[in-house]
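Novice: sharing a sequence plus its predicted fold:
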Amino acid sequence: MSLTRRGLLLAAAALPLPMKRTDWAALDRAIDGTVELPGTTGYERSRTLVDPRFDGVRPPAVVRCAHAGDVAETVRFARRSGVAIVTRGGGHSYTGDSTSSTGLVLDLRRLDGVTLDQGTATVGGGATLMSVYNTLGARGVSVPSGSCGSVGIGGVTLGGGIGLAASAYGLTCDAVLTAGVVTADGRHRTVDSAREPSLFWALRGGGGGQFGVVTAWRLRTHPAPATGTFVLTWPWADAARVATGWQARIATAPDETWSACQFASSATGALSVRVSGSVLGGDADAEAAALVRAVGRSPAKAVLARRPYLDVAHDRAGCDSAATCAVRSTELVGSEIFRRPLPAAGIAALLSAVEQSARTRRPGVAKLKRMTGAVARVAPGATAFPWRGAHTMLQWLVEDAPAADAYAWIEAGHRTMARWSAGRYVNYLEPDPRTLPLYHGPHLDRLRRIRAAADPDRLFRSRYAL
């Protein structure tokens, strides 16, 4: 078998950089942070990720940077020493991409400052989402983003970032005004729409770990008023009606509303249907009533409330502080992007996938999320996020289950929904790097060109190399 020139380059990129005798002590002297090596107390604490599945991975070193200067010094050291770099923000990668058995782990978690100035927030590249929400929430503002409290703001933003404020204010990456980034040459740059616009474009939705190390984000904030919330549940017999009605409602729902439609099976084989959502600055009554009319069936249970925005963020995350959000867990995820509402056949196929999980007494969640509203009104090429104008995103989710079983179910789901799926969401990466084109869609070639220019020697290592 012969390989093309591109094939040879890709094969070479998959190999670890040649390892020289690495003078870790010299790096430790050169930075204000610390270099944690195997056998040291700090190493065991700093090398683990959120998911215990990756506890067996033992990096040659974990560099805990104290500030952006440490990041730049570490990148320059890695280049001189021939050591690949993987970046860790929150350590929440579903595929373990923020650790490596051969590459230096560059740990950003000490870069966690959050400040507010005249409607914009400056957020350290290692801050967790809950620390961002709490600091800004105390000042009555927030940024549009996800729900998981322990996830790093860097990973969320680099991949897009969708959550309860998305239909009103867009994705997290849509709120970015500037980014401070250390590139593979060891330079610290401030990039925006005028300064290095191609790199700035890639950092907003193109995925993490390949273009540079983002040390800080400057983001536009939005008001965080009291928010109406609703949770509506129906019996499984109404599942198809709920899916149809919910899809119809989100096509015309006001921007201040956001919701998700969830179908789930439990480990006992029970099936459940629920629609949950929020109304920024308003009561939930009108939106809940509109959903019920669209479904055409009264829910078996309805829980409505009006609460402070920060309380809603805590409730969605299931935690309210760095300590309570730090619980380690295993989550296996997948995704689909649907450009249009699913027809009856697509709904039936989706429900069949969940029913199959129930028959085998395994937990599984298929959650449709609203992508209409502000997210859809951003021009398709404005950022690297490739799915503008989509109607919904589907998240496949299995918690605390054997990985082989979970991914087998998710893969079966992909096959079932292939007729309607346009692609996948890069923040929900799955283990097979060959699926990379599905995550970037029409932007893949441009991202590859930017990656080649920003990191020609592939210092930043990823199994999902562009």
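Specialist: Cool, got the structure.
Novice: just for this protein, where's the confidence low?
Specialist: Within the chain, the stretches with pLDDT under 70 are 1-20.
Novice: if we go to 90?
Specialist: For the chain, applying pLDDT under 90 flags the ranges 1-21, 40-41, 322-323, 400, 463.
Novice: list the buried residues in the helix or strand harbouring residue 376.
Specialist: Applying DSSP states H and E as the criterion places residue 376 in helix 374-377. Using 16 or more other Cβ atoms under 10 Å as the test for burial, helix 374-377 gives 374-376. To be clear about C-beta, it is placed using only N, CA and C from the backbone, and glycine gets the same treatment.
Novice: for these, give me a markdown table that also has distance to residue 148.
Specialist: A markdown table is the format used below for the buried residues of helix 374-377 (distance: Cβ to Cβ, whole Å):
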| residue | distance to residue 148 |
| --- | --- |
| 374 | 21 |
| 375 | 19 |
| 376 | 23 |
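Novice: that older thread, C-terminal to the helix holding residue 376, what's the next element?
Specialist: Next along from helix 374-377, by DSSP H and E: strand 392-399.
Novice: what's that following strand packed up against?
Specialist: strand 331-338, strand 364-370, helix 403-417 (3 or more Cβ pairs under 8 Å, 6 or more residues apart in numbering; DSSP states H and E).
Novice: can you map out the strands along the stretch 201-350 of the chain?
Specialist: For the stretch 201-350 of the chain, the strands defined by DSSP state E, counting those that start in this stretch cover 213-220, 222-223, 227-234, 257-265, 271-280, 301-307, 331-338.
Novice: now render those strands as TSV, adding mean neighbour count and distance to residue 129.
Specialist: As requested, these are arranged in TSV below (neighbours: other Cβ atoms under 10 Å; distance: least, Cβ to Cβ, whole Å):
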stretch	mean neighbour count	distance to residue 129
strand 213-220	24	12
strand 222-223	16	15
strand 227-234	22	17
strand 257-265	24	16
strand 271-280	23	16
strand 301-307	14	19
strand 331-338	23	15
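Novice: now distance to residue 101 too, for those, in a markdown table please.
Specialist: Below are those laid out as a markdown table (distance: least, Cβ to Cβ, whole Å):
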| stretch | distance to residue 101 |
| --- | --- |
| strand 213-220 | 20 |
| strand 222-223 | 41 |
| strand 227-234 | 43 |
| strand 257-265 | 35 |
| strand 271-280 | 40 |
| strand 301-307 | 45 |
| strand 331-338 | 21 |
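Novice: please name whichever of those is nearest to residue 448.
Specialist: Proximity to residue 448, assessed across these by Cβ to Cβ, is greatest for strand 213-220 (19.5 Å).
Novice: which outside residues touch the closest one?
Specialist: 67-68, 71, 75, 85, 87, 106, 108, 111, 119-125, 143, 153-154, 157-158, 172, 175-182, 188, 203, 460 (Cβ atoms under 8 Å, 6 or more residues apart in numbering).
Novice: 7 Å instead?
Specialist: With Cβ atoms under 7 Å, 6 or more residues apart in numbering as the test, strand 213-220 has contacts from 68, 71, 75, 87, 106, 111, 119-125, 143, 153-154, 157, 175-182, 203.
Novice: likewise for stretch 145-159?
Specialist: If you take Cβ under 7 Å, 6+ apart as the criterion, stretch 145-159 is touched by 50, 89-90, 92, 108, 123, 125-130, 132, 161-163, 172-173, 176, 203, 205-208, 214, 217, 316-317, 319, 325-326, 426-427.
Novice: so which bits of that stretch are buried?
Specialist: For stretch 145-159, a neighbour-count test (16+ other Cβ under 10 Å) marks 145-159 as buried.
Novice: what's the farthest-apart pair in those residues?
Specialist: Once Cβ to Cβ is applied, the buried residues of stretch 145-159 give 149 and 158 as the farthest pair, at 18.1 Å.
Novice: tabulate the helices and strands packed on strand 392-399 (JSON lines), appending distance to residue 290.
Specialist: Output for these, formatted as JSON lines (distance: least, Cβ to Cβ, whole Å):
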{"stretch": "strand 331-338", "distance to residue 290": "21"}
{"stretch": "strand 364-370", "distance to residue 290": "13"}
{"stretch": "helix 403-417", "distance to residue 290": "27"}
